[in-house]
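Participant: coordinates for the following, if possible.
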Amino acid sequence: MPGPLDGIKVLECSTWGFGPIGGMMLGDLGADVIKIESPTRPDAARFVESVAGIPNRMPDGRSALFEAVNRNKRSLALDLKSERGRELFRDLIVDTDVFIENYRPGTFEKLGLSTEALMELNPGLIHAATAGYGFKGAEAHLPALDAVGQARGGFMYSGGAPDDPPNWNTLGIADVMGATCLAYGCLAAIAGRELNGGKGQRIEVSHIMATMWLQFWGISVAAMHDLDLWPRFDRSNAANPLWNLYQCADGKWLMLGILEAERDWPSFCRAMGLDEIVDDQRFTTLATMGEHCKALISLIEERFATAPREDWEQRLLSEPNLIFTRVQQIGDLTSDPAVIANEYLIDHDHRIYGPTPTLTHPVMLHGQPASIRRDAPELGEHSGEVLRERLGLSDEELASLSGEGVIG
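Facilitator: The predicted structure follows:
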């Protein structure tokens with residue numbers, strides 16, 4: 001079944017995570033994404049040895065990171081530093097819908113491939129560019145990776161306890177959120193082009209803004225109250241003890257998310273077997289719970305410590321409206337019943353590794369679903385295929401380009 005972007009042609013010149021994940025998301029939706037890499041200096045993610053201290057190499061030497069973020073793409077190894085390589089790129093741009101790039105701002109301008117130059121060739125082109133610090137100001141030209149967004153966007157102070165030092169989230173939050181904003185921007189521009197007489201446009205996304213957007217409601221509220229720092233969570237002093245983390249007898253954790261604490265207090269006490277405190281005046285309103293939070297947290301902690309997590313889950317489910325869930329690690333997700341029922345992780349039949357647990361597209365489209373049609377490509381795997389198909393080059397021309405090092 002064709003995806004919603006079936007027929008959309010994308011050229012992607014990007015590395016690591018920001019640009020590649022954005023291109024991958026468009027590919028999931030059916031776009032034909034051609035990843036352009038240098039024949040001699042391809043995407044560095046192909047060669048990274050470890051990610052956050054975890055070995056990244058698969059047994060056959062391939063990069064797990066590269067495999068993960070470059071599905072649904074074809075690879076064209078093309079030397080854009082050569083004049084002939086740039087000519088071929090311009091020829092490809094003529095009938096391209098979206099061009100994604102995440103190299104340092106100014107890189108493509110130096111190659112004579114600015115937005116203006118490309119849109120002269122194709123007025124309907126959508127040029128999606130990324131930067132760490134945005135495209136204005138003295139720092140616009142500086143290189144950046146995920147840590148820049150997390151550090152400058154305020155995210156490193158979002159987790160941990162109040163007195164903890166700032167912490168880098170090793171899951172690449174700024175890259176992933178930046179890529180999601182990038183894909184969103186491309187979709188908006190594609191829709192806008194249809195409503196604007198076929199006219200394309202440039203779109204820009206930065207690590208800093210994407211990370212700020214991830215914290216949208218906190219930053220917005222903090223700005224209204226002129227706060228310098230959003231409070232970090234202190235579970236030992238939670239103003240609402242029914243919105244807190246608790247450890248069970250088996251060492252596993254539960255998260256209570258009971259926002260309407262006053263309404264649900266009697267139900268919670270029944271489920272927990274704490275009927276003796278249901279009328280305790282220290283805990284009957286949210287305000288008094290906050291005043292006596294340490295005492296209430298201590299009581300709840302002691303109670304949770306008397307039984308394993310599974311028992312508490314069943315007891316809490318016996319009362320309506322109590323919001324709670326288990327606290328899981330990544331390894332728990334493969335057996336999570338909601339993940340399985342909704343097919344958020346699927347067994348994708350990888351061409352090298354066979355059935356492989358794979359995270360599917362984050363949005364379920366029931367009429368034109370996203371799909372995984374290709375595994376991450378080898379460098380230059382589709383060079384000949386793409387140039388024959390898109391530009392009509394002959395085998396002799398391809399052999400000549402390969403001999404000159406223009407393609408790989």
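
Participant: CA atoms for contacts and neighbours, from now on please.
Facilitator: Fine.

Participant: quick one: contacts for the residue sitting nearest the centre point of the chain?
Facilitator: With distances taken as Cα atoms, centre = their mean, the residue of the chain nearest its centroid is residue 176 (2.6 Å). Applying Cα atoms under 8 Å, 6 or more residues apart in numbering to residue 176 gives the contacts 17-18, 21.

Participant: so it, which state does it fall into?
Facilitator: Assigned with DSSP: H, G, I helix; E, B strand; the rest coil, residue 176 falls in the helix class.

Participant: next, find the distance separating it from residue 34.
Facilitator: 20 Å (Cα to Cα, to the nearest Å).

Participant: you'd agree residue 382 is up against residue 78?
Facilitator: No - Residue 382 is beyond contact range of residue 78, at 11.0 Å (criterion: Cα atoms under 8 Å).

Participant: more crowded one of these two?
Facilitator: More crowded of residue 382 and residue 78, by other Cα atoms under 10 Å: residue 78, with 27 against 19.

Participant: OK, contacts around the closest residue to that one other than its chain neighbours?
Facilitator: Residue nearest to residue 78 in three dimensions, not counting chain neighbours: residue 407, with 4.6 Å by Cα to Cα, 6 or more residues apart in numbering. For residue 407, the contact set (Cα under 8 Å, 6+ apart) comprises 39, 76-79, 85, 380, 383, 401.

Participant: tell me which of the residues you listed is nearest to residue 370?
Facilitator: Using Cα to Cα, residue 76 comes nearest to residue 370 of the contacts of residue 407, at 23.4 Å.

Participant: show me where the stretch 51-200 of the chain has its strands.
Facilitator: 54-55, 73-77, 98-101, 126-131 (DSSP state E, counting those that start in this stretch).

Participant: adding mean neighbour count, mean pLDDT and distance to residue 143, write those strands out as TSV.
Facilitator: As requested, those are exported to TSV (neighbours: other Cα atoms under 10 Å; pLDDT from 0 to 100; distance: least, Cα to Cα, whole Å):
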stretch	mean neighbour count	mean pLDDT	distance to residue 143
strand 54-55	10	92	24
strand 73-77	27	98	23
strand 98-101	25	98	13
strand 126-131	25	98	8
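
Participant: mind checking which of those is nearest residue 237?
Facilitator: strand 54-55 (34.2 Å).

Participant: neighbouring contacts of that closest one?
Facilitator: So strand 54-55 is contacted by residue 49 (Cα under 8 Å, 6+ apart).

Participant: partners of it in the sheet?
Facilitator: Within its sheet, strand 54-55 is paired with strand 50-51 (antiparallel), according to DSSP bridges.

Participant: what average pLDDT does the strand it pairs with get?
Facilitator: Mean pLDDT, strand 50-51: 92.

Participant: for it, which outside residues touch it?
Facilitator: Outside strand 50-51, the residues that reach it (Cα under 8 Å, 6+ apart) are 56-57, 65.

Participant: just put these in CSV and tack on pLDDT, distance to residue 278 and neighbour count.
Facilitator: Listed next are the contacts of strand 50-51 as CSV, based on pLDDT from 0 to 100; distance: Cα to Cα, whole Å; neighbours: other Cα atoms under 10 Å:
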residue, pLDDT, distance to residue 278, neighbour count
56, 95, 52, 20
57, 95, 55, 18
65, 96, 51, 20
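
Participant: now the residues you listed in TSV, with distance to residue 349?
Facilitator: Output for these, formatted as TSV (distance: Cα to Cα, whole Å):
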residue	distance to residue 349
56	20
57	19
65	17
